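Enquirer: predicted model and sequence below, questions to follow.
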Amino acid sequence: MSKLLKIALASALVLGVASTTASADAVKGQKLFIKKFKDACGFNGAKFAAKHSQAEWEAINSNGKFKEELMKICPKVQEGDIKDAWLPHIYDFSHEYANDSGNVPSC
C-alpha cells in the first residue's frame with residue numbers, strides 16, 4: 001500500500017510542477033517587456049499595462065488582437081519582433097498591472 005501511495009504522490013508532484021511551468025507568468029512578461037520592447041516603445045511596462053483596464057486587456061486577448069494592440073501602442077515594434085511564445089506572458093503582465101488593478105510593477 002505504501003508503494004502505491006508513493007507513486008500517487010510522485011505523480012501528483014510531477015503533474016503540479018508540469019502544469020505550473022506550462023502556464024503564463026506576469027513576472028516573466030515584465031522581464032520580456034523590459035528586455036525586448038521598452039526601448040522600442042519609449043516607455044516602461046507600467047505605462048504599457050496602464051493603457052487599458054483588466055476587462056479591456058481580457059477582451060483584446062480573447063479576440064486574438066493582443067499582438068496588434070502591442071504594435072499599435074508601440075509603433076516601432078514590428079510583427080517580426082514579437083514571438084508568439086512571449087504573448088501569454090506579456091498578456092499576464094498587462095492584465096496584472098492594468099490601470100484598474102491597483103498593482104504597480106517595478107519596471
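Expert: All right, it came through fine. Numbering: from 1, shown residues only.

Enquirer: count the neighbours of the residue nearest to Q54 when sequence neighbours are not counted for me.
Expert: With CB to CB, 6 or more residues apart in numbering as the criterion, Q54 has its nearest non-adjacent residue at 4.3 Å, and that residue is A98. In this view, the C-beta of every residue, glycine as well, is placed from N, C-alpha and C. A98: 20 surrounding residues under other CB atoms under 10 Å.

Enquirer: what does A85 give?
Expert: 9.

Enquirer: tell me which element it is part of?
Expert: Taking DSSP states H and E as the definition, A85 sits outside all helices and strands.

Enquirer: skip the chain neighbours and tell me the closest residue to A24.
Expert: Nearest non-adjacent residue to A24 (CB to CB, 6+ apart): P88, at 3.6 Å.

Enquirer: got the contact list for the closest residue to N103 other than its chain neighbours?
Expert: Using CB to CB, 6+ apart and skipping the chain neighbours, the partner closest in space to N103 is Y97 (5.0 Å). Y97 sits next to A26, Q30, G45, A46, A49, A50, N103, V104, P105 when contact means CB atoms under 8 Å, 6 or more residues apart in numbering.

Enquirer: thank you, goodbye.
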